[in-house]
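no sequence for this one, just the structure:
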């Protein structure tokens, strides 16, 4: 058994009680599976006793481990009772399994660090040109968005605009002038609607009514003739030569 | 390719990993006097001729760079779909319905100022174009829509845009304002009695 | 060497110019669908075999790096590679060999709490990433390694982690509880002989 005095280290050098235990176990120079847990407990307890300058917060974990190991030691040494729970042999086995796993990872870490590492053993380009992705905005909007936006704006501003537009009517005088002027432009039959000015809604209704009266007036004056195939069918107007 | 000897390999690796172009002397300082650096450089220039990487000499210094004819690959354009903001779509709608229209007119119709960025986005999207100046004091610029606008929205012409009546029939006028309008009509009917 | 065709040259130039290892998909996004990227990578790996620069695959990503045997010539007044503490090395090893793994599992193996700074260093180095939560009470976060980890340590994949097959076969990557159950069964079998 190695002398723990050789491990002249502060507790602060250890990564916790398991780390200390593993190092002590290694000093037995046997496979972890063949380790003497009893000797290991002895080593650990002796080592802890020798560290007189313990900082309590650092030492707490180590002292808890020491207490647990002292219990394990007594359980291992005392005559075993058949129904004893937990079985001290099993506790020792668990401890050994934990040490094996920590040892395995410590070994794996060392092998990992020994690999050819970028920036230490192999090198990539120090000043690569780099790849650039230029993002171009592909603007997206739907026709529905467009017309509903216009509807929204119209609704917002409409009371002002609408009142003015709505008062527009076509007087009979205006319709007479318009129909008599347009009807002279062609000798063919033309629907009364074709004489109406552009527009929609009330203006159109007003224009239709006025133009109808104008057409009747002009027919009465003998300047145009009218033709309609059936009730509500299109009304045709033609200038009389 | 024929694997080069270790001297050439060393020069190759050194130039590859270097942060800046290296002189032959600087290379020699690393790889040692046993290597014929000039010969190694000549061999490497030959090895890389016609590849995607080239060994080039700039003054007294050497370095690897991507072949000039492939530089365009290092840049990639990617379209990112972005939706127009509310301000953007409203401004576009006003231009579409009223074109040609000045910024001041757009603002008068919207009742809100139009941020410069809003028009920029519409110009960038290719939906709106400057359409000459209006011959009034200050000669303000007018805006109109483009063929790209018609294409994006699937319209044959601006006449395909629904009129106000169509919008109302489709229920696209704001309910609050509609109610207000109906109130106005009732008032008018009352007057005409 | 035989000059390669334009597709291969394009992949070569791209990998050379890239600041990060690239997946085949990322390469394809730059060079276009017309290029058989897999074939080009295979051809390039072959072209560079035995040279001072090597094309290597790390996980799903590819990059050029200098040949490992030239380390002694290139290692110099560069930035020191990140030095990890013992806690850092062990924690990284535990994550790499057990991923995805929770902090509690790391602590169970090391027998000590994982200081906050230890995981931070590994995250900051880009070697470790959060890898979702485990669906057990408390939903603890798990950690796993990154493509950057594979690249840094020159691993083609996690299967290449040193000794991982032996460790797994020996049950050393199994939790203590599982190993304990198994050990007890072996012991019982032995008694029954």
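Perfect, thanks for sending it. These figures come from a predicted structure and were not determined experimentally.

how about the contacts made by residue 19?
As the question left the chain open, I've gone with chain A. Residue A:19 is in contact with A:102, C:110, C:111, C:112, counting by Cβ atoms under 8 Å, 6 or more residues apart in numbering or on different chains. Placement of C-beta: from N, CA and C, glycine included.

correction: the question concerned chain B.
Neighbouring residues of residue B:19 by Cβ under 8 Å, 6+ apart: A:126, A:127.

if we can go back for a sec, who wins on neighbours among the contacts of residue A:19?
With neighbours taken as other Cβ atoms under 10 Å in any protein chain shown, the top of the contacts of residue A:19 is residue A:102, carrying 25 neighbours.

pLDDT wise, what is that one at?
Residue A:102 carries a pLDDT value of 94.

again, but for residue B:175
46.

where along the chain do the helices fall?
Just going to use chain A. A:17-26, A:37-50, A:56-77, A:88-113, A:143-166, A:172-183, A:202-220 (DSSP state H).

wait, I meant chain B there
Using DSSP H, helices in chain B cover B:6-17, B:24-31, B:37-48, B:86-98, B:103-110, B:116-124, B:147-152, B:164-169, B:175-192.

beta-bridge partners for the nearest residue to residue B:96 once chain neighbours are set aside, please?
Excluding its sequence neighbours, the residue lying closest to residue B:96 (Cβ to Cβ, 6 or more residues apart in numbering or on different chains) is residue B:145, at 5.2 Å. When bridges are called by DSSP bridges, residue B:145 pairs up with residue B:128.

who's in contact with residue B:145?
Listed by Cβ under 8 Å, 6+ apart, the contact partners of residue B:145 are B:92, B:95, B:96, B:99, B:127, B:128, B:129, B:158.

can you flag the buried ones in those residues?
Neighbour-count burial (16 or more other Cβ atoms under 10 Å in any protein chain shown) is assigned, among the contacts of residue B:145, to B:92, B:95, B:96, B:99, B:127, B:128, B:129.

for those residues, which one is nearest residue C:8?
residue B:127 (42.3 Å; Cβ to Cβ).

so what's that closest one closest to, chain neighbours aside?
residue B:149 (4.0 Å).

the one you found: neighbour count?
Neighbourhood size, residue B:149 [other Cβ under 10 Å]: 23.

distance check, it against chain C.
Per Cβ to the nearest Cβ, to the nearest Å, residue B:149 is found 31 Å from chain C.

which residues touch residue B:68?
Residue B:68 touches residue B:54, counting by Cβ under 8 Å, 6+ apart.

what about it, distance to residue B:52?
According to Cβ to Cβ, to the nearest Å, residue B:68 stands 11 Å off from residue B:52.

with residue A:155 instead?
61 Å.

which one's more surrounded, these two?
residue B:52 (26 against 22).

surely that one and residue C:11 touch.
Yes. Using Cβ atoms under 8 Å, residue B:52 is in contact with residue C:11, at 7.2 Å.

just checking, which helix or strand of the chain averages the lowest pLDDT?
Just so you know, I chose chain A. Sorting the helices and strands of chain A by mean pLDDT, DSSP states H and E puts helix A:143-166 at the bottom, at a mean of 69.

over to chain B?
Least confident helix or strand of chain B, by mean pLDDT, DSSP H and E, is helix B:175-192 with a mean of 47.

picking that back up, and the residue nearest to residue B:127, what pLDDT?
Here, the pLDDT recorded for residue B:149 equals 91.

next, the contact list for the residue nearest the centre of chain B, please.
Geometric centre of chain B, nearest residue: residue B:124, 7.5 Å, by Cα atoms, centre = their mean. By Cβ under 8 Å, 6+ apart, the residues touching residue B:124 are A:137, A:139.

count of residues packed around residue A:238?
15.

ok, and the closest non-adjacent residue to it?
With Cβ to Cβ, 6+ apart as the criterion, residue A:238 has its nearest non-adjacent residue at 4.8 Å, and that residue is residue A:189.

from what I see, the one you found and residue A:227 are in contact.
Yes. Residue A:189 lies in contact with residue A:227 (Cβ under 8 Å); the separation is 6.6 Å.

span of stretch B:149-156 from start to end?
Separation of the first and last residues of stretch B:149-156 by Cα to Cα, to the nearest Å is 10 Å.

now tell me what touches it from outside.
By Cβ under 8 Å, 6+ apart, the list of residues contacting stretch B:149-156 from outside reads A:141-143, A:146, B:92, B:96, B:125-128, B:157-158, B:161.

where does chain A dip in pLDDT?
Applying pLDDT under 70 to chain A picks out residues A:1-12, A:52-58, A:82, A:84, A:158-167, A:241.

adjacent strands (with direction) for the strand of greatest length in it?
Of all segments of type strand in chain A, defined using DSSP state E, the longest is strand A:132-140. For strand A:132-140, the paired strands and their directions (DSSP bridges) read strand B:75-83 (parallel).

and the angle for the strand it pairs with with helix C:6-17?
For strand B:75-83 against helix C:6-17, the angle by axes from the mean of the first three to the mean of the last three Cα atoms, to 10 degrees is 80 degrees.

list the buried ones in strand B:75-83?
Using 16+ other Cβ under 10 Å as the test for burial, strand B:75-83 gives B:76, B:82.

looking at it, residue B:80 is touching residue A:134, isn't it?
No. Using Cβ under 8 Å, residue B:80 is not in contact with residue A:134; the gap is 10.2 Å.

and for residue 20, the neighbour number?
With no chain named, the answer covers chain A. Here the number of neighbours of residue A:20 (other Cβ under 10 Å) works out to 23.

to clarify, I was referring to chain B.
Counted with other Cβ under 10 Å, residue B:20 comes out at 9.

that one touches residue A:127, doesn't it?
Yes. Counting by Cβ under 8 Å, residue B:20 touches residue A:127, with 6.8 Å between them.

may I see the domains of chain B written out as residue ranges?
Annotated domains of chain B cover B:6-74, B:86-161, B:165-193 [automatic domain parsing].

can you lay out these as CSV showing distance to residue A:36?
Below are the domains of chain B laid out as CSV (distance: least, Cβ to Cβ, whole Å):
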stretch, distance to residue A:36
domain B:6-74, 52
domain B:86-161, 79
domain B:165-193, 88
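
what does chain A put close to chain B?
A:123-127, A:129-143, A:145-159, A:162-163, A:166, A:200-201 (Cβ under 8 Å from any Cβ of the partner chain).

ok, the closest residue to residue B:27 other than its chain neighbours to residue B:7 distance?
In this structure, residue B:27 finds its nearest non-sequential neighbour in residue B:37, 5.1 Å apart by Cβ to Cβ, 6+ apart. As for residue B:37, its distance to residue B:7 is 8 Å (criterion: Cβ to Cβ).

neighbour count winner among these two?
Neighbours per residue, other Cβ under 10 Å: of residue B:37 and residue B:7, the larger number sits with residue B:37, 25 against 18.

is it true that that one touches residue B:26?
No. Here residue B:37 does not reach residue B:26: they are 9.5 Å apart, not a contact under Cβ under 8 Å.

burial count for residue 136?
Using chain A here. Around residue A:136 there are 11 other residues, counting by other Cβ under 10 Å.

sorry, I should have been clearer: chain B.
The local packing of residue B:136 (other Cβ under 10 Å) involves 9 other residues.

follow-up on the earlier one: filter the residues of chain A next to chain B down to the buried ones, ChimeraX style.
Only the buried entries of the residues of chain A next to chain B go into this ChimeraX selection, using 16+ other Cβ under 10 Å:
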select /A:123,124,125,129,131,139,141,145,146,147,148,149,150,151,152,153,154,155,156,158,162
